[in-house]
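Student: Sequence unavailable; structure follows:
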């Protein structure tokens, strides 16, 4: 099987405990690229965040992964 030259793009919807693990592992592996996450905050509002570039560094949430 031929290897992919471009990574699979991933968007995580509702990164709770399991979603944070998925994000952590996906950012560690070169075959995946996290492109965003749909986050629900306590007041039941939704916010879309795109994944920070390596130059920007991590944002708050998921142990600094979002």
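Tutor: The structure has been received and is ready for your questions. As the structure is a computational prediction, the values presented were derived from the model and not from experiment. Residues are numbered from 1 along each chain as shown.
Student: residues of whichever helix or strand residue 10 is part of that come out buried?
Tutor: Using DSSP states H and E, residue 10 sits in strand 8-13. Buried residues in strand 8-13, counted by 16 or more other CB atoms under 10 Å: 10, 12. C-beta coordinates here come from the backbone N, C-alpha and C atoms, glycine included.
Student: Within its sheet, name the partner strands of it and how each one runs.
Tutor: Strand partners for strand 8-13, identified by DSSP bridges, are recorded as strand 32-40 (parallel).
Student: how about the partner strand: buried residues?
Tutor: Residues of strand 32-40 classed as buried: 32, 34, 37, 39 (neighbour count, 16+ other CB under 10 Å).
Student: Kindly report the same for stretch 22-33.
Tutor: So stretch 22-33, judged by 16+ other CB under 10 Å, has buried residues 22-23, 26-27, 32.
Student: need the contact list for residue 9.
Tutor: Listed by CB atoms under 8 Å, 6 or more residues apart in numbering, the contact set of residue 9 reads 32-33, 35.
Student: okay, those in a markdown table with distance to residue 10 next?
Tutor: Compiled in a markdown table, the contacts of residue 9 are given as follows (distance: CB to CB, whole Å):
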| residue | distance to residue 10 |
| --- | --- |
| 32 | 5 |
| 33 | 7 |
| 35 | 7 |
